[in-house]
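J.: sequence and predicted model, in that order:
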Amino acid sequence: MNLDKINLPIAKKRILSSEGITWRFFLNTFLLGLAFIIILVVLIPGWMRFPQLLYMYRDGEYNLWISLKTAEWSGLYDLTSMNPLQGMTSMLVTINPYFDPGQWVFFSGMPQSIKILASYTIYALEVILSTFALGLTLHFKPLHSFAASIWACLLLFPPFNFYFGLAGWFTVAPMFGHTLALSNTCLITCLNIGNKSNLPKLKRFWKNLLLVGLLTLLITMILVVAPFYNAGVMIGTVLLLSCIVISSQTREQFLWRCFGGLVVIGTLLILGLPEFYASAKAYSARFLVHQPILSINFHNFFNALNKENIAGVWNTLCIWGVYCPPFPNWPISVSALWLNIAIIAGGITAWLTMPLSVARVGILIAACWTALLVMFVLMSLSILSSLVAPVCYFLMMYSLFALYSLYILFLPINIITYRLKRPFSSILLSIYFLFTLGIITFVGIVLYTNPGETIKAIKTEAKIPQTSIMLENRHKLTPIINILQQEAALHPGKSFKGIVATLYGNKNGSLRQVAGVRKTTAVEAGQFEEFLTAAAKETGSSHDLLDLWTWNIPTLSEYGQGLSRPLTFYIIKFLSNPGDAAETHFAFPHAANINILRAMGVRFIIIDAPVSNTNVRLRHKLKAGKHATLYLYELSKPNLGNYSPTRLLPLHNVEEFYQKIKADPELLETTAYVELPDKIDFIPAREVKMIFKKGSIHITAKSKATSTLLLPIQFSHCYKLKGPSSENSKIMRANLIHTLLIFKGNLDINLEWSFRWRHSKCRQQDVIDMNNIGL
């Protein structure tokens, strides 16, 4: 049955015809105003009750931190930048705050708690507006689109998503709210391409051409905002756009939409995106093991179909955020199973009842989601494997999930009210239903839920620490951190003062007892988390990662997707103990190899065991409970950019280099191993100064002849020499990881970082370097 073909009363026809244009405008304006009221009444009180769920976990704070540091260390259009606070100045996987309205508030002078609430409010408004507009484009009624937009917020934003058995993607990455809004706008644009209209042929041509240009601009904008994060979740957007193209009604519409897709692909190819992402992936240690995007393991099929594996499917699907059962300790929580059923049933029902122009979209969404659910189940049974996380397939589909899952509920209401003779009965009944839903949500979740008990349940079920809404309050300023902040903090325009290395996991380390790890065992994969947790539990700070980065203290540790192969090699080979697990997702040193650390620019080490070495000086001891002590040592003569090797030796292969440095680490102070050493007599440089700036590093030094500087910066061909001394200077890779600067006479130069879409050959050359030396 097509609801649009039902005969309406004459009064209602007038309202919805020419005289109804003004009415619809005021109705839509009223609904959007009502949406803002619901945000004030429902969402914000929920966020204030549960500040632990805002920018939650390490990932949540890390994403916010990246955004703030992107603004601090990179320019407006930089897709990547230097990351001076991690891993010997690694590459920052950027989140561009300049193009994300939800991040603008963090540059204001408001209190931090207000900034966080305002940020979430902006993201919620973006989701509501874009979902509402998408619903209208798909010919859903305004009230249905409005209800679905609120429903999408409840499914996505904390604490409400947990009550519906859904993962908290927006608790760790609320920036995806902006991505979802842009993705919805892409869908709206694509739906309008090639539509039938009474415009003359020429005007119709220009209209479609402008829409194709807008679609290209929107997709490009999504990638500009967060090049690496959004590239993953755009898989869902591409699937939805494919459904829209397939649902085309006419040949002309299909051809225009295909043309739009070709223009987008062509634009991305011209911008060099395939090379950009391929080179970044190849240089990252996280992708050392080659894995196809999607592969089938037929031999696992029958082995996977046993009772134990099938029982574990539900747990795996919950971890992936596809489906979770009700949390047993949570009041009024429900299973997400009903939502998956409602999405599929809603798509099928829309196909049967809605206008043909959008009916096909509904059935294709239902088919796509069904296929994805089957794929996720097979992945959980190890029959399928995917390089891409499941969330990348469906996060951008949530607005359509909300629209179609509610369609089943609204269908009976629409049928009943269409039969009534009073002109406003449909509107009144729908608003009554909507307010009922809002009141139930507000009363049940915000007022009658005991926050203390729910927080306790959250900590039990989701392992979420009880923290403050103030990010600074989540990272305690301990006596050790206070010293480091004064003597090692790094800001744009300031001199480099050295790196801090946190070394947990030694077999004689005191944190092992606190963490419950035996002293005779090596560090297992992921066990660094137990040491960080133990330190944080006893002192209020882990003394690593965000607990130092929040105070602008650079660390040798690195967390994120930009972890390089050379840094991973140093951590595994030189700064780990025998038997320690090799981590490729994170860089966490364990061993106090003092000469290696000095050469890498480390000035301070934090360790849970005393160190006996003539090159270290104890600065502070901090008790960590009854059984552990943290020691802060300062290393003598660290490499602050002032190491000036006078011998250059050839680097033939990784293994030979490793054996030489392992036997005599002090070589790094006077000797540099390079691919093609210059046969020149070098003299030591003097009066060296290294200042980090926004997007560059300014280096000055003096020499009476030709000298070298072994900079504690990860080398990359993406550094370009600019400045008065650029013609008499050059840089090259040394010791696998260092940047060796060779210059003649007085030096005044800038190292400028440049790794962009159309300038990715530099990263490709980095990958070639690694392959040539066998790393």
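T.: Thanks, I have the structure now.
J.: nearest residue to the middle of this protein?
T.: Y229 (4.8 Å; CA atoms, centre = their mean).
J.: that residue and A173 touch, don't they?
T.: Yes. Applying CB atoms under 8 Å as the test, Y229 and A173 come out as touching, 7.3 Å apart. Yep, even glycine has a C-beta here, placed from its N, CA and C like the rest.
J.: quickly list what's touching both of the two.
T.: Common neighbours of Y229 and A173 (criterion: CB atoms under 8 Å, 6 or more residues apart in numbering): N63.
J.: so where is the stretch 451-600 of the chain shaky, pLDDT-wise?
T.: 451-474 (pLDDT under 70).
J.: OK, contacts around the residue nearest to the centre of the chain?
T.: Residues near Y229 by CB under 8 Å, 6+ apart: 63, 93, 95, 173, 175-176, 179.
J.: okay, and it sits in which element?
T.: Assigned by DSSP states H and E, Y229 belongs to helix 227-246.
J.: mind giving me the domain split of this protein?
T.: Per automatic domain parsing, the structural domains of the chain span 3-461, 475-635, 647-772.
J.: and the ones you listed: which comes nearest G641?
T.: Taking CB to CB, domain 647-772 is the member of those nearest to G641, at 3.7 Å.
J.: quote the end-to-end distance of that closest one.
T.: When the termini of domain 647-772 are compared using CA to CA, to the nearest Å, they are 22 Å apart.
J.: quick one: low-confidence residue ranges for the chain.
T.: Scanning the chain for pLDDT under 70 picks out 1-28, 31-32, 35, 288-311, 326-335, 387, 413-474.
J.: for the stretch 51-200 of the chain, what spans make up the helices?
T.: 57-73, 101-104, 112-137, 142-156, 160-163, 169-172, 176-192 (DSSP state H, counting those that start in this stretch).
J.: now render these as CSV, adding distance to L378.
T.: Below are these laid out as CSV (distance: least, CB to CB, whole Å):
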stretch, distance to L378
helix 57-73, 27
helix 101-104, 36
helix 112-137, 30
helix 142-156, 25
helix 160-163, 25
helix 169-172, 22
helix 176-192, 26
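J.: strands of the stretch 601-750 of the chain, start to end?
T.: For the stretch 601-750 of the chain, the strands defined by DSSP state E, counting those that start in this stretch cover 602-607, 616-624, 628-635, 647-650, 671-674, 686-693, 696-702, 706-711, 719-722, 729-734, 738-744, 747-753.
J.: for I344, which of those strands is the nearest?
T.: strand 747-753 (47.5 Å).
J.: neighbouring strands - and their directions - for that closest one?
T.: Strand 747-753 pairs in its sheet with strand 696-702 (antiparallel), strand 719-722 (antiparallel), by DSSP bridges.
J.: list the contacts of T670.
T.: Listed by CB under 8 Å, 6+ apart, the contact set of T670 reads 645-647.
J.: looking at these, which is nearest S696?
T.: P645 (23.6 Å).
J.: quick check: closest non-adjacent residue to the closest one.
T.: A672 (4.2 Å; CB to CB, 6 or more residues apart in numbering).
J.: ditto for G723
T.: I749 (4.3 Å).
J.: tell me who's in contact with the one you found.
T.: I749 is in contact with 698-700, 721-726, 729, 741, 743, counting by CB under 8 Å, 6+ apart.
J.: now it: how far from L215?
T.: Distance, I749 to L215, using CB to CB, to the nearest Å: 43 Å.
J.: likewise for F531?
T.: Here F531 is placed at a distance of 49 Å from L215 (CB to CB).
J.: the two - which one has more neighbours?
T.: Set F531 next to L215 and count neighbours by other CB atoms under 10 Å: F531 wins out with 27 against 24.
J.: these two touch, right, that one and Y504?
T.: Yes. Using CB under 8 Å, F531 is in contact with Y504, at 3.8 Å.
J.: put the alpha carbons of stretch 726-742 into CSV.
T.: Coordinates of the C-alpha atoms in stretch 726-742 are reproduced here as CSV (Å, rounded to 0.1, in the frame of the first residue of the first chain):
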residue,chain,number,x,y,z
SER,A,726,69.7,25.6,2.7
GLU,A,727,72.1,25.6,-0.3
ASN,A,728,75.1,24.6,1.9
SER,A,729,73.2,21.9,3.9
LYS,A,730,71.7,18.5,3.4
ILE,A,731,70.0,15.9,5.5
MET,A,732,70.1,12.1,5.3
ARG,A,733,69.0,9.1,7.3
ALA,A,734,71.5,7.9,10.0
ASN,A,735,71.4,5.0,12.3
LEU,A,736,68.1,3.9,10.8
ILE,A,737,66.1,6.6,12.7
HIS,A,738,68.1,9.8,13.2
THR,A,739,68.2,12.9,11.0
LEU,A,740,71.8,13.7,10.1
LEU,A,741,72.3,17.3,9.1
ILE,A,742,75.5,18.1,7.2
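J.: show me which residues of it are buried.
T.: By 16 or more other CB atoms under 10 Å, the buried positions in stretch 726-742 come out as 729, 731-742.
J.: dump the residues you listed to CSV, plus distance to P84.
T.: As requested, the buried residues of stretch 726-742 are exported to CSV (distance: CB to CB, whole Å):
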residue, distance to P84
S729, 21
I731, 17
M732, 21
R733, 19
A734, 19
N735, 20
L736, 20
I737, 15
H738, 15
T739, 13
L740, 19
L741, 17
I742, 23
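J.: rewinding a little: let's see if you can find the most crowded of the contacts of T670.
T.: With neighbours defined as other CB under 10 Å, the most crowded of these is P645; it has 24 neighbours.
J.: that one contacts F682, correct?
T.: Yes. Applying CB under 8 Å, one finds P645 in contact with F682, separated by 7.2 Å.
J.: and for those two, which residues touch both?
T.: Shared contacts of P645 and F682, defined by CB under 8 Å, 6+ apart, comprise T708.
J.: so how far is A350 from I150?
T.: Applying CB to CB, the value for I150 to A350 is 19 Å.
J.: can you tell me which residues contact the closest residue in space to M354 that isn't next to it in sequence?
T.: Excluding the flanking residues, the one nearest M354 by CB to CB, 6+ apart is H139, at 6.0 Å. By CB under 8 Å, 6+ apart, the contact list for H139 reads 4, 354-355, 357-358.
J.: go on, A534?
T.: Counting by CB under 8 Å, 6+ apart, A534 has contacts 511, 514-515, 624, 628.
J.: quick one: it from A624, how far?
T.: According to CB to CB, A534 and A624 sit 8 Å apart.
J.: mind listing the shared neighbours of the two?
T.: Common neighbours of A534 and A624, using CB under 8 Å, 6+ apart, are 511, 514.
J.: tell me the most packed of the contacts of A534, by neighbour count.
T.: When those are compared by neighbour count (other CB under 10 Å), L511 ends up highest, at 26 neighbours.
J.: wait, it touches Y504, no?
T.: Yes. Under the criterion of CB under 8 Å, L511 makes contact with Y504 at 5.7 Å.
J.: now the common contact residues for those two.
T.: Residues touching both L511 and Y504 by CB under 8 Å, 6+ apart: 531, 535, 608.
J.: distance to L395 added to these, as JSON lines?
T.: Output for those, formatted as JSON lines (distance: CB to CB, whole Å):
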{"residue": "F531", "distance to L395": "32"}
{"residue": "A535", "distance to L395": "33"}
{"residue": "D608", "distance to L395": "39"}
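J.: out of the residues you listed, who's nearest A342?
T.: Of all the shared contacts of L511 and Y504, F531 has the smallest distance to A342: 44.4 Å, by CB to CB.
J.: give me the element the closest one is part of.
T.: helix 528-539.
J.: just want the angle from that helix to strand 628-635.
T.: Interaxial angle, helix 528-539 versus strand 628-635 (axes from the mean of the first three to the mean of the last three CA atoms, to 10 degrees): 100 degrees.
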